[in-house]
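> Please find the sequence and the predicted model below.
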Amino acid sequence: MPIQTRCPHCATICQVAEQNVGVPVQCGKCKNSFTLKRPAATSVCRLEIASATTRGLVRGRNEDSFLVQHLSWSNRDERHEIALVVVPDGMGGHEAGDEASGIVIRQALASLVPMLNSAPTGRFKDATPAMLAETIDFAIQEANRAVYRKAKDPACKGMGATAAVLLIWDLHVLIGHVGDCRVYHQHGAKLTQVTKDQTLVARMVELGQLTPQEAALHPKRNEVTQALGKHFDIEPSRYNLKLAAGDWLIAATDGLTAHVEDATLLHHVSYASSAPRLANKLVEIANARGGSDNCTVVVVRCY
């Protein structure tokens with residue numbers, strides 16, 4: 001069936017055969033060529049993002065931080081959804097962990113938000129997943145060095161942070177990861193832990209020296225092998241995935257995973273009706289089961 005459109009040169013109504021959509025055609029009146037673009041795919045998911053945080057029931061202060069920047073726009077019937085999620089867990093240094101996690105979100109803001117804010121201009125329309133991953137790496141490296149420099153202050157000596165940085169670019173999710181914050185992806189009936197904990201016991205499980213059950217009770221289960229601010233250079237892990245309508249992402253500090261196992265997480269994701277309700281519910285469960293640590297959760301619902 002032919003599609004009616006106006007010639008962009010002379011405004012004459014033209015009939016374009018469906019098989020010619022996306023290829024140059026000639027206006028019957030002015031003879032100039034133009035291309036009728038295919039309608040934008042409707043598969044770009046809309047995002048609902050929510051966060052919750054608590055100091056828990058044992059710690060005297062909350063050394064977690066989080067940053068969420070969400071931008072959506074539409075032009076010429078092309079819809080876009082991009083978002084930045086940063087979840088750092090501060091640690092050590094005379095109770096200066098909150099300073100470390102604060103530096104991480106401020107540096108992420110400085111390094112990545114200008115790119116998000118420029119996206120509607122079309123400046124980054126050809127950005128590839130590999131290019132976006134490099135940008136996340138840069139942001140994490142800059143945050144690491146900022147924490148490293150600040151840790152030379154006697155009041156902050158020994159501080160550091162673990163972190164998960166997520167950049168959602170339409171259907172693509174790029175993740176940079178250091179330490180033991182976790183990112184989960186729920187697709188259909190399956191919940192997947194996307195990130196691998198950078199801890200001593202996780203490595204021992206990988207080598208077959210511990211079972212997952214033994215690792216959960218190991219006295220050094222929280223000993224990370226890499227953290228922001230401990231060394232001048234760092235090697236973040238990279239992960240990427242694709243989103244589909246109905247998917248969920250969960251980024252959380254280890255205060256959640258200390259009390260909420262995967263089966264419980266899957267159960268509550270499966271019955272969740274909104275991102276705010278799920279984020280708050282998960283934090284409530286962590287506190288109800290002991291609240292031994294600060295707990296921060298950012299939930300992304302794709303619909």
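It's in.

> and stretch 266-275, which residues are buried?
Within stretch 266-275, the residues scored as buried using 16 or more other CB atoms under 10 Å are 266, 269, 272, 275. (Glycine included, C-beta is placed from N, CA and C.)

> Can you add distance to Lys150 and secondary structure and give those back as a markdown table?
Putting the buried residues of stretch 266-275 into a markdown table (distance: CB to CB, whole Å; DSSP: H, G, I helix; E, B strand; the rest coil) gives the following:
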| residue | distance to Lys150 | secondary structure |
| --- | --- | --- |
| Leu266 | 38 | helix |
| Val269 | 36 | helix |
| Ala272 | 38 | coil |
| Ala275 | 33 | helix |
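
> what's the closest of those to Glu134?
Glu134 lies nearest to Ala275 out of those, by CB to CB, at 28.7 Å.

> Verify the stated contact: that closest one with Ala52.
No. Counting by CB atoms under 8 Å, Ala275 sits too far from Ala52 to count as a contact (9.9 Å).

> quick one, phi psi at the closest residue to Ile136 other than its chain neighbours?
Distances taken as CB to CB, 6 or more residues apart in numbering put Gly176 closest to Ile136, at 4.0 Å, once the chain neighbours are dropped. Backbone torsions of Gly176, given as degrees, to the nearest 10, read phi -110, psi 140.

> Surely Gly176 is in contact with Ala139?
Yes. Counting by CB under 8 Å, Gly176 does reach Ala139; the two are 7.4 Å apart.

> Please identify every residue contacting each of these two.
Residues touching both Gly176 and Ala139 (CB atoms under 8 Å, 6 or more residues apart in numbering): Val165.

> For this protein, which segments are assigned as helices?
97-118, 129-150, 200-206, 212-217, 254-257, 262-270, 275-288 (DSSP state H).

> Contact partners for the residue nearest to Ile136?
Gly176 makes contacts with 133, 136-137, 139-140, 163-165, 236-238, as judged by CB under 8 Å, 6+ apart.

> same question, Trp73
By CB under 8 Å, 6+ apart, the neighbours of Trp73 are 79-80, 120.

> Repeat that for Asn287.
Applying CB under 8 Å, 6+ apart to Asn287 gives the contacts 54, 56-57, 295.

> switch the cut-off to 7 Å
Contacts for Asn287 (CB atoms under 7 Å, 6 or more residues apart in numbering) come out as 54, 56-57.

> Gly90 too?
Gly90 makes contact with 63-64, 97-98, 100-101, 159, 161, according to CB under 7 Å, 6+ apart.

> try 8 Å
Gly90 touches 63-65, 96-102, 159-161, counting by CB under 8 Å, 6+ apart.

> The residues you listed into a markdown table, with extra columns for distance to Lys281 and pLDDT?
Shown next, in a markdown table, are the contacts of Gly90 (distance: CB to CB, whole Å; pLDDT from 0 to 100):
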| residue | distance to Lys281 | pLDDT |
| --- | --- | --- |
| Glu63 | 23 | 97 |
| Asp64 | 18 | 98 |
| Ser65 | 21 | 98 |
| Ala96 | 31 | 93 |
| Gly97 | 25 | 96 |
| Asp98 | 25 | 96 |
| Glu99 | 30 | 97 |
| Ala100 | 28 | 97 |
| Ser101 | 23 | 98 |
| Gly102 | 26 | 98 |
| Met159 | 31 | 96 |
| Gly160 | 30 | 97 |
| Ala161 | 26 | 97 |
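
> Sketch out the strands for this structure, chain order is fine.
Under the criterion DSSP state E, the chain contains strands at 3-6, 13-16, 24-26, 33-35, 47-54, 67-75, 78-91, 160-169, 172-178, 182-187, 190-193, 237-242, 248-252, 295-302.

> Including distance to Asn222, could those go into CSV?
Output for those, formatted as CSV (distance: least, CB to CB, whole Å):
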stretch, distance to Asn222
strand 3-6, 60
strand 13-16, 62
strand 24-26, 61
strand 33-35, 57
strand 47-54, 18
strand 67-75, 23
strand 78-91, 9
strand 160-169, 10
strand 172-178, 15
strand 182-187, 13
strand 190-193, 17
strand 237-242, 18
strand 248-252, 14
strand 295-302, 14
